[in-house]
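Sharing a model prediction with you, sequence too.
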2 protein chains.
Amino acid sequence: MSNEIIVTAAMLAIGDELLSGRTKDKNIGHLADVLLLAGIDLKEVRIVADDEEAIVSALNALRAQYDYVFTSGGIGPTHDDITADAVAKAFSVPCEHDAEAMRIMGEMYARREMEFTEARQRMARMPVGSKHIANPVSTAPGFNIGNVYVMAGVPQVFQAMLDNVIPTLRTGAKVLSTAISCPYGEGEIGTPLGLIQKAHPDTSIGSYPRYVGQFFSTEIVVRGRSAELVESVAAEVRAMIEAIRQSKAKENQSAEA
Amino acid sequence: MSNEIIVTAAMLAIGDELLSGRTKDKNIGHLADVLLLAGIDLKEVRIVADDEEAIVSALNALRAQYDYVFTSGGIGPTHDDITADAVAKAFSVPCEHDAEAMRIMGEMYARREMEFTEARQRMARMPVGSKHIANPVSTAPGFNIGNVYVMAGVPQVFQAMLDNVIPTLRTGAKVLSTAISCPYGEGEIGTPLGLIQKAHPDTSIGSYPRYVGQFFSTEIVVRGRSAELVESVAAEVRAMIEAIRQSKAKENQSAEA
């Protein structure tokens, strides 16, 4: 497979609570699932604290290296929500109240007979030149600047924003995969599986150990960008498992004889 | 609080499966919990693929910046387990079969009447000069070199290895915290909470929005390294919530009047 388009991405999850264990991140796994389906390769994830220097430095490294960067967290109304400022700093542009964001948020709060407080107005701030990412859950928009997509940390909002972003992205050739359940541990399959991988550099063969009770078993996943290739390599993996089974049956027979 | 010892750490989670969504990481949250209790500040997490260049580059950045680096994943017996080689490369030392690891693993497989295959022997490879991290679950050890602790990706094994590592680490002043459940969203508390934070720079006040049904509520967490300080700031936060409640009650009364 040559000529296939590869589109890469990174995620930057922002928030002290992710590093203190208080919040177990749910956005990374969701983004990974969605990008895989879209044909975008998630290559790296970083989690940093609500710390301007840490955000700026991670963001500048990631946006230079990958086609897209998705961030989560730090765009709420409180003092520890500093993502918009940090992104503006990374792009060397001012961070200002966006007129259109002020309008739609002002209307929403008016409709709900709630005060559009100074804190709530903080959520309308974004780097000058950003485009909105619509937020159907709670109105306050995320934003896109350059190749960076800034979204909320609350999973319902993150997911809704991401749904609005995905159709606007350039996507690559989709990765197809087949999973094969293998009753043997990696210690038994490691060498023959390595040989299969070596023979098929256009596929990526992963093996994921599971430890249940006292025994390891494995899930083997063959990935590639051609359905025929993935299926033919998967057939080789199944043949390998069958060969191990037969060899074990023979061993048991000789032991009993 | 001056003179307090701050010990910092980073985590590097390694594995294609974490980036494809196939595996939802469980080790980051566990490490975060354990380090918080130990008094070590987790400052950054990175997730990278089973890719030597990506591992080496992330590891060298993290080990230069933080006191400790913990890795998970990529130390099994298959071709995609390249963490030991990548760590050796990062430290510019050879990666070799460790004699003691070969001995204890050889004995374990002999006891179980299982073959100590070439693939299984891969798990005894580590950067020359490493110390073992004992693995009570499945014997094959993790290893420590410099300020880097290399552990398995399977959560049961990661957790068991981490239990063996923690008592050997230098730890800092523990972070104490108090959580306060707040019925109001961040838009209502943002401004007064920001003022409390500003008045107490020695504490870190986080607010974590929850979105249930149509309403945001918040969990406010006050963190600090002195119990008295955390308690006095928490009292200010509780007073702030009560003031909002009274002001809302008054508004409702006037609306009804």
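Yep, that arrived. Everything numeric in this text was worked out from a predicted model, so none of it was measured.

any idea of the pLDDT on whichever residue of the stretch 151-257 of chain A sits closest to chain B?
Chain B sits closest to A:G190 of the stretch 151-257 of chain A, with a gap of 2.5 Å, by C-beta to the nearest C-beta. The C-beta positions use only the backbone N, C-alpha and C, and glycine is treated the same way. On the pLDDT scale, A:G190 is placed at 92.

Now it: which helix or strand?
Here A:G190 sits within helix A:186-199, counting by DSSP states H and E.

what packs against that helix?
strand A:204-212, strand A:215-224, helix A:227-256, helix B:118-122 (3 or more C-beta pairs under 8 Å, 6 or more residues apart in numbering or on different chains; DSSP states H and E).

ok, the residue of the stretch 151-257 of chain A closest to chain B touching B:Q121?
No - the criterion here is C-beta atoms under 8 Å, and A:G190 misses it with B:Q121 at 9.5 Å.

More neighbours: which of these two?
Neighbour totals were compared for A:G190 and B:Q121, and A:G190 leads with 26 against 20 (other C-beta atoms under 10 Å in any protein chain shown).

ok, now how distant is the more buried one from B:T117?
Counting by C-beta to C-beta, to the nearest Å, the separation of A:G190 from B:T117 is 7 Å.

Give me the common contacts of the two.
Common contacts of A:G190 and B:T117 (C-beta atoms under 8 Å, 6 or more residues apart in numbering or on different chains): B:P77.

so which helix or strand takes in A:S57?
In this structure, A:S57 sits in helix A:52-65 according to DSSP H and E.

Need the residues that contact the helix holding A:G190.
Here helix A:186-199 has contacts from A:182, A:203-205, A:207, A:209, A:216, A:218, A:220, A:233, A:236-237, A:240-241, A:243-244, B:76-81, B:114-115, B:117-120, B:122-123, using C-beta under 8 Å, 6+ apart.

Would you state the helices of the stretch 1-150 of chain A in chain order?
Assigned by DSSP state H, counting those that start in this stretch, the helices in the stretch 1-150 of chain A fall at A:16-19, A:27-38, A:52-65, A:83-90, A:99-111, A:118-122.

okay, these in TSV with distance to B:L35 and mean pLDDT next?
Shown next, in TSV, are these (distance: least, C-beta to C-beta, whole Å; pLDDT from 0 to 100):
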stretch	distance to B:L35	mean pLDDT
helix A:16-19	9	93
helix A:27-38	19	94
helix A:52-65	17	98
helix A:83-90	24	98
helix A:99-111	38	97
helix A:118-122	31	94
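
Of the ones you listed, which is nearest B:V148?
Ranking the helices of the stretch 1-150 of chain A by proximity to B:V148 (C-beta to C-beta) places helix A:16-19 first, at 18.6 Å.

Just the buried positions in that closest one, please.
Neighbour counts over helix A:16-19 (16 or more other C-beta atoms under 10 Å in any protein chain shown) mark A:D16, A:E17, A:L18, A:L19 as buried.

One more: stretch A:233-244?
A:V233, A:A234, A:E236, A:V237, A:M240, A:I241, A:I244.

Let me have those in CSV, adding distance to chain B as columns.
CSV is the format used below for the buried residues of stretch A:233-244 (distance: C-beta to the nearest C-beta, whole Å):
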residue, distance to chain B
A:V233, 13
A:A234, 15
A:E236, 14
A:V237, 12
A:M240, 12
A:I241, 14
A:I244, 11
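
Widest-spaced pair of those residues?
Across these, no pair lies farther apart than A:V233 and A:I244, at 17.0 Å, counting by C-beta to C-beta.

Pretty sure A:V48 sits against A:A58.
Yes - proximity of A:V48 to A:A58 meets the contact threshold set by C-beta under 8 Å, at 5.2 Å.

So which helix or strand of chain A has the lowest pLDDT on average?
Taking mean pLDDT, DSSP states H and E as the measure, chain A has strand A:204-212 as its least confident helix or strand, at a mean of 84.

what residues does it touch?
Contacts of strand A:204-212 (C-beta under 8 Å, 6+ apart): A:182, A:185-186, A:189-190, A:193, A:196-197, A:216-224, A:233, A:237, B:16-17, B:22-23, B:50, B:76, B:78-80, B:137-138, B:154, B:156-157.

With stretch A:132-149 instead?
Residues contacting stretch A:132-149 (C-beta under 8 Å, 6+ apart): A:59, A:63, A:66-71, A:75, A:84, A:87, A:90-91, A:93, A:98, A:100-101, A:104-105, A:108, A:120, A:123-124, A:126-127, A:129-131, A:150-152, A:154, A:156-157, A:160-161, A:164-165, B:211, B:216.

List only buried entries from the residues you listed.
When the contacts of stretch A:132-149 are checked for burial by 16+ other C-beta under 10 Å, the buried set is A:59, A:63, A:66-71, A:75, A:84, A:87, A:90-91, A:93, A:98, A:101, A:104-105, A:120, A:123-124, A:126-127, A:130, A:150-152, A:154, A:157, A:160-161, A:164-165, B:211, B:216.

related to what we said a few turns ago, so which of the buried residues of helix A:16-19 also contact chain B?
Among those, the ones lying near chain B by C-beta under 8 Å from any C-beta of the partner chain are A:D16, A:E17, A:L18, A:L19.

Any regions of chain A where pLDDT drops low?
For chain A, the stretches with pLDDT under 70 are A:1-3, A:256-257.

Now A:E113: phi and psi?
Per-residue torsions, A:E113: phi 50, psi 40 (degrees, to the nearest 10).

Just give the number of residues close to it.
Other residues near A:E113 come to 7 when the count uses other C-beta under 10 Å.

cool, and the one 4 residues further on?
Around A:T117 there are 17 other residues, counting by other C-beta under 10 Å.

Please name the nearest non-neighbouring residue to it.
Leaving aside its sequence neighbours, A:T117 sits nearest to B:G187 (C-beta to C-beta, 6 or more residues apart in numbering or on different chains; 5.8 Å).

quick one: buried residues of stretch A:166-182?
Buried positions in stretch A:166-182, judged by neighbour count with 16+ other C-beta under 10 Å: A:L169, A:G172, A:A173, A:V175, A:L176, A:S177, A:T178, A:I180, A:C182.

how much space between the residue of the stretch 1-150 of chain A found nearest chain B and A:F143?
With C-beta to the nearest C-beta, the shortest gap between the stretch 1-150 of chain A and chain B falls at A:A119, namely 2.5 Å. For A:A119, the distance to A:F143 (C-beta to C-beta) stands at 18 Å.

What parts of the stretch 151-257 of chain A come near chain B?
With C-beta under 8 Å from any C-beta as the criterion, the stretch 151-257 of chain A meets chain B at residues A:154, A:156-157, A:175, A:177, A:186-191, A:193-194, A:197-198, A:204-211, A:216, A:221, A:223.

at 7 Å what do you get?
A:154, A:156-157, A:186-188, A:190-191, A:193-194, A:197, A:204, A:206-209, A:211, A:221 (C-beta under 7 Å from any C-beta of the partner chain).

Just the buried ones from these, in PyMOL syntax?
A single PyMOL command selects the buried members of these (16+ other C-beta under 10 Å):
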select buried, chain A and resi 154+157+186+187+188+190+191+193+194+197+204+206+207+208+209+211+221
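
measure stretch A:94-101 end to end?
16 Å (C-alpha to C-alpha, to the nearest Å).

Please tell me how far A:I104 sits from A:I166.
Distance of A:I104 to A:I166, given as C-beta to C-beta: 22 Å.

All set now, cheers.
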